[in-house]
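Enquirer: model this:
(one chain, ligands or ions: 1)
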Amino acid sequence: MMYAVQGFELWLNIFTFSASTALGISVYLKNRQSWTNRLFMLLALFIDTYITVNYFSLHPPLPTPDNQLFWIRVVMFICSFIGPTLVLLVHTFPQTRVRMRLRYLIPMAGLMLASAAASLSPLVFQSIEYPGGSPVPVPGPGIPIFFLDFIGLFLVSFGILIFRYRRAVGEEKTQYAYFLFGTLISFSLMGISTVIFVVLLKTSAAVFLGPVFPVILMAAMAIAIIRHGLFDMKTVATKAFIIGIWIILFSKIFIAQTGTEFFIDLVVLAGVVFFGILLIASVNKEIAQREELSRLAASLEKANHRLKELDQQKTDFLSIASHQLRTPLSIIKGYLELIKDGAYGKPTQKMLKVLADLDMTNQRLVDLVDEFLNISRIEQGRTKYVFAPKDMDALVPDIIRSFGDKAGEKRCKLRSQLPKESMIVSMDEEKIRNVLTNFIDNAMKYSVVDERKECGDITVLVTSERGGVAVSVIDHGIGFSERDRINLFEKFYRGENVRMLNVNGTGLGLYVCKQFIAAHGGRVWAKSRGIGKGSEFGFWIPSKHAP
Ligand code: ADP
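Expert: Now for the predicted structure:
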């Protein structure tokens, strides 16, 4: 039984030694220039030495009390370097250069050297006793120095980690979480098993477990340091598992009892290493692919952000430009009226014709600027809606009337189909007027695209539908394809159907309509049986507006 425990203990030491070395080397090789990685390697060296001397302290080469006391003192000596290295590592992480100020560095080095020196002298442990057969060193007056150096600095590194963890965001926060987890678990367990058991409970029964705990810390820190991008738990766990098996099999070779056992262990190790490498390679490939994906996602996000910014700038520009344009246009309009009315002398017929053209062009500009203003108000959430119950049956003929001349000019027949009863709906009349005007305007615009084509009838149909009112404008114009249908209500979208035509437009009208109708809690639609087959544009709004 005793033999089995000792065999296990030896194996445990070889295992932890190999694990710590493997972790130290792999982190160091990941970035040799970085002090974070260098300090980690240094910590691994101290821990390796600690594991070795800890074993000797329990099984001294010469089984005399003096010899045992000597090895125990060496353990304390080595431990004196662990606390300061940990603080420095935690403070440096994740930077590549040591940033700790000299005013902290020097006292810490002083404490470390004092503790190291005291550890080798009778100040920390003055003698050794064997109360229940197991060795228990007797603490000397210098033990507080050691405690300050080891436990004190452990607490300092813990404090730094908590401080940094709370301020970190994203990926870095996870890294600090690993550090915190590792430090907390390993040092508290190590403290309990070695210091508390030995000094307070006066038994070294748990000392042989000592090497396990720092390796937990090393593993957690290694993940934190080399973790990057999508180095997620699944891949870490796979790698750790494979490397763990390697280390177990590797350390088992050293405790083989017979030549055959040694040989079998060696063959098994070779096989497992081979397949492990294949598995790790495939995991690495997966990581690389995922990293590539996340890189692409990040650059897409950046591009998206930039596009949003540009969109915002465009809205701002629209807003400023249209505000600046609106006033002069109104002034021109005012003067044109005055000239037409003869305020500056009676205009001739020729002049009246020119004035009418000027008025029309000016009005087109006013409409355009109004559309821009609508857009910028919508985008900035500044559109004001005044809802009141209104009769759609009365509004539609009124709007049709307002098209009087224009419809005649284009030889369009504007008709309405209204239900008998009145259609009272809660709406912002001005906005609904805007929407319908837009639909009818478009219907005329996209019906007579060349002189030879007849405009045909344009029907405005009002029906009562599912607790609301539906209004649609049906024309016999150019129609549109399915591809256009999906996008017609998007900002700045002009259909493929108008690409070859010489018809002016901004692609903003329908977008504004959609926003106005959405604010009423309604919806818009566009239908066409295809190019050249006419279109239907409509909206539905509920009778009662729910704010
Ligand atoms: P604009 O008319 O200034 O181009 P709109 O937002 O009013 O902008 O319309 C967007 C697009 O929808 C138009 O460019 C056109 O392709 C299509 N469209 C709108 N109304 C009709 C219609 N009655 N018939 C066919 N296509 C239309």
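Enquirer: Contact distance from the ligand - what residues of the stretch 301-450 of the chain qualify?
Expert: By C-beta under 6 Å from any ligand atom, the residues of the stretch 301-450 of the chain that approach the ligand are 438, 442-443, 446. Quick note: C-beta positions are derived from backbone N, CA and C, even for glycine.
Enquirer: Make TSV out of those residues and add pLDDT and distance to Lys390.
Expert: As requested, those are exported to TSV (pLDDT from 0 to 100; distance: C-beta to C-beta, whole Å):
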residue	pLDDT	distance to Lys390
Asn438	94	18
Asn442	92	23
Ala443	92	22
Tyr446	89	28
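Enquirer: Work out for me the element the residue of the stretch 1-150 of the chain found nearest the ligand sits within.
Expert: Nearest residue of the stretch 1-150 of the chain to the ligand: Pro94, at 52.0 Å (C-beta to the nearest ligand atom). Here Pro94, judged by DSSP states H and E, is contained in no helix and no strand.
Enquirer: quick thing: my sequence starts at 21, can you match it?
Expert: Sure, I'll start counting at 21 from here, so that last one is Pro114.
Enquirer: right, and it touches Thr56 too?
Expert: Yes: with contacts counted by C-beta atoms under 8 Å, Pro114 reaches Thr56, the gap being 5.9 Å.
Enquirer: which strands and helices sit next to the longest helix along the chain?
Expert: Ordering each helix of the chain by length in residues (DSSP state H) puts helix 279-360 first. Secondary structure elements in contact with helix 279-360, counted by 3 or more C-beta pairs under 8 Å, 6 or more residues apart in numbering; DSSP states H and E, are helix 253-274, helix 369-399.
Enquirer: So which residues of this protein form strands?
Expert: Counting by DSSP state E, the chain has these strands, from start to end: 145-149, 156-159, 408-411, 432-437, 444-447, 476-485, 488-494, 543-548, 555-562.
Enquirer: What separation do you get for the most centrally placed residue in the chain and Phe113?
Expert: Closest residue to the average C-alpha location of the chain: Gly190 at 8.0 Å, with C-alpha atoms, centre = their mean. Distance, Gly190 to Phe113, by C-beta to C-beta, to the nearest Å: 16 Å.
Enquirer: In a markdown table, list the helices and strands packed on helix 279-360 along with distance to Ile205 and mean neighbour count.
Expert: Putting the helices and strands packed on helix 279-360 into a markdown table (distance: least, C-beta to C-beta, whole Å; neighbours: other C-beta atoms under 10 Å) gives the following:
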| stretch | distance to Ile205 | mean neighbour count |
| --- | --- | --- |
| helix 253-274 | 15 | 16 |
| helix 369-399 | 53 | 15 |
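Enquirer: how about those helices in CSV, adding mean pLDDT?
Expert: Compiled in CSV, these are given as follows (pLDDT from 0 to 100):
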stretch, mean pLDDT
helix 253-274, 77
helix 369-399, 88
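Enquirer: Averaged over its residues, which helix or strand of this protein has the lowest pLDDT?
Expert: Within the chain, no helix or strand scores below helix 424-429, which has a mean of 72 by mean pLDDT, DSSP states H and E.
Enquirer: Packing partners of that one?
Expert: Secondary-structure packing of helix 424-429 (3+ C-beta pairs under 8 Å, 6+ apart): no helix or strand packs against it.
Enquirer: So what touches it?
Expert: Helix 424-429 has contacts (C-beta atoms under 8 Å, 6 or more residues apart in numbering) with 433-434, 464, 478.
Enquirer: right, and Glu149 touches Ile92 too?
Expert: No: between Glu149 and Ile92 there is no contact under C-beta under 8 Å: 11.8 Å.
Enquirer: overlap in contacts of Pro114 and Thr56?
Expert: Counting by C-beta under 8 Å, 6+ apart, the common neighbours of Pro114 and Thr56 are Ile245.
Enquirer: what about Gly172, distance to the ligand?
Expert: From Gly172 across to the ligand, the span is 72 Å (C-beta to the nearest ligand atom, to the nearest Å).
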